[in-house]
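J.: Sharing a model prediction with you, sequence too.
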Amino acid sequence: MKLHELSDNEGATKKRKRVGRGPGSGTGKMGGRGIKGQKSRSGVAINGYEGGQMPLYQRLPKRGFNKPNRKSYAVVNLGLIQKFIDAKKLDAKKAIDGAALVASGLVRRELDGIRVLAKGDITSKVDLQVAGASKSAIEAVEKAGGKLTVAAPKVAETTA
């Protein structure tokens, strides 16, 4: 077998459709777009248009409400905090706050504060200072001999 004898299987490749290249091509003159009308022109995108009928997305009822000033918290589980303490990435002897959690890499960014949830076990005696915590998380930390302080949320400064 030589390089010039190699070829693809029958039907493996298909020639590209060259539109508007004369009557012999079968797609000459109008290029398969029909006669006149909006869709025969270039630059037309009528997605969601239903020919004057009320479109589906407008016929369906709207439900719910998105609060424009809602808070978005970074969530941390107690099990992960314990894991980072065991790995010596967090110091259990010092107070653990948002800055310490970000510095350790446990949280990427603080957002509107950090909220602690009770998934996993905590065995170290820790002093946590966060923006939010679940009741079960507070109980678990106190059971381990530590304390969890929920600080008041940050208030946006307004200039009048």
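T.: Okay, I see it.
J.: now Leu80, what's its secondary structure?
T.: What DSSP: H, G, I helix; E, B strand; the rest coil gives for Leu80 is helix.
J.: What ranges does the protein have for its strands?
T.: Secondary structure of the chain (DSSP state E): strands located at 74-77, 95-96, 114-117, 127-130, 132-133, 147-150.
J.: Alpha carbons of the fourth one, in PDB - could you do that?
T.: In PDB, the C-alpha atoms belonging to strand 127-130 read as follows (Å, rounded to 0.1, in the frame of the first residue of the first chain):
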ATOM      1  CA  ASP A 127     -14.100  30.400  68.200                       C
ATOM      2  CA  LEU A 128     -16.000  31.200  65.000                       C
ATOM      3  CA  GLN A 129     -17.100  34.700  64.000                       C
ATOM      4  CA  VAL A 130     -19.400  34.600  61.000                       C
END
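J.: List the buried residues of it.
T.: Residues of strand 127-130 classed as buried by neighbour count (16 or more other Cβ atoms under 10 Å): 128-130. The way it works is simple: take the backbone N, C-alpha and C, and place the C-beta from them, glycine included.
J.: ok, so of those residues, who is nearest Ala12?
T.: Checking the buried residues of strand 127-130 against Ala12 with Cβ to Cβ, the nearest one is Val130 at 61.0 Å.
J.: What residues are bridge-paired with the residue nearest to that closest one when sequence neighbours are not counted?
T.: Leaving out its chain neighbours, the residue that sits closest to Val130 by Cβ to Cβ, 6 or more residues apart in numbering is Ile114, at 4.6 Å. Going by DSSP bridges, Ile114 is paired in beta bridges with Ala74.
J.: Mind jotting down where the helices sit in the chain?
T.: 56-59, 78-86, 98-104, 135-143 (DSSP state H).
J.: possible to save those as CSV with distance to Arg21 and mean pLDDT?
T.: Listed next are the helices of the chain as CSV, based on distance: least, Cβ to Cβ, whole Å; pLDDT from 0 to 100:
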stretch, distance to Arg21, mean pLDDT
helix 56-59, 39, 92
helix 78-86, 63, 91
helix 98-104, 61, 90
helix 135-143, 70, 91
